[in-house]
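pasting the structure only:
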């Protein structure tokens, strides 16, 4: 079993919809990004790929490549899961913390867990999502944007090759 840590942050952009974990949050400014700005998906991608030492969101979906401009981050997450599974790993569980003053995350936790669980092939019971404020400190506390931390546990798929010695 291997553990990965993911992080992402974005500024708010009132000209885009707010999408977190594949769920549209109504009546709130979206996030500025090359794709749809879904910081939860980006942090989870970094966590699962990092756990298997397979790079990060930027190495697989670089912002310099117009193919990913405006991309649906849930599609990027499903592609990252395909990369992970192609290397004989599977996601065991994911824990996500969204740090923001607004929007309130609590009312959307169930929908986000369902969305992420489906994309990760693990179901919502293996996905934790919680919101925390930054106690009005710094740029997050000022309401300029949000940040996300994600931790993922991955394991070798039964019958998969074992890692090389010395890795």
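Sure thing, it's come through. Just so it is clear, the structure is predicted and the values come from calculations on it, not from any experiment. Residues are numbered from 1 along each chain as shown.

So residue 150 sits against residue 93, correct?
No. Using Cβ atoms under 8 Å, residue 150 makes no contact with residue 93, being 11.0 Å away. Every C-beta, even on glycine, is put in place using the N, C-alpha and C of the backbone.

more neighbours, these two?
residue 150 (28 against 15; other Cβ atoms under 10 Å).

Who are the contact partners of the more buried one?
5, 6, 7, 40, 43, 44, 46, 47, 94, 95, 96, 97 (Cβ atoms under 8 Å, 6 or more residues apart in numbering).

Tell me which entries of the residues you listed lie within strands.
5, 6, 7, 94, 95, 96, 97 (DSSP state E).

ok, and the closest non-adjacent residue to residue 35?
Leaving out its chain neighbours, the residue that sits closest to residue 35 by Cβ to Cβ, 6 or more residues apart in numbering is residue 71, at 4.1 Å.

Might you report the residue contacts of that neighbour?
Residue 71 neighbours (Cβ under 8 Å, 6+ apart): 34, 35, 36, 61.

Tell me the one of those residues nearest residue 1?
residue 61 (25.8 Å; Cβ to Cβ).

Would you mind measuring from that closest one to residue 9?
Residue 61 sits 17 Å away from residue 9, going by Cβ to Cβ, to the nearest Å.

repeat for residue 44
For residue 44, the distance to residue 9 - Cβ to Cβ - is 14 Å.

Settle it for me: which of these two has more neighbours?
residue 44 (34 against 18).

Local confidence estimate at the nearest residue to the more buried one once chain neighbours are set aside?
Distances taken as Cβ to Cβ, 6+ apart place residue 150 nearest to residue 44, at 4.7 Å, with adjacent residues excluded. Looking at residue 150, its pLDDT is 98.

buried ones in stretch 144-151?
For stretch 144-151, a neighbour-count test (16 or more other Cβ atoms under 10 Å) marks 145, 146, 147, 148, 149, 150, 151 as buried.

Quick check: the third one touching residue 96?
If I follow you right, that is residue 147. No. Taking Cβ under 8 Å as the definition, residue 147 is not a contact partner of residue 96, at 11.3 Å.

what bits of the protein have low per-residue confidence?
Counting by pLDDT under 70, the chain has low-confidence residues at 159-167.

Could I get the full set of strands for it?
So, for the chain - with DSSP E - the strands run 2-20, 23-31, 89-99, 127-132, 145-156.

now those as a markdown table including distance to residue 109?
As requested, the strands of the chain are exported to a markdown table (distance: least, Cβ to Cβ, whole Å):
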| stretch | distance to residue 109 |
| --- | --- |
| strand 2-20 | 10 |
| strand 23-31 | 10 |
| strand 89-99 | 10 |
| strand 127-132 | 5 |
| strand 145-156 | 14 |
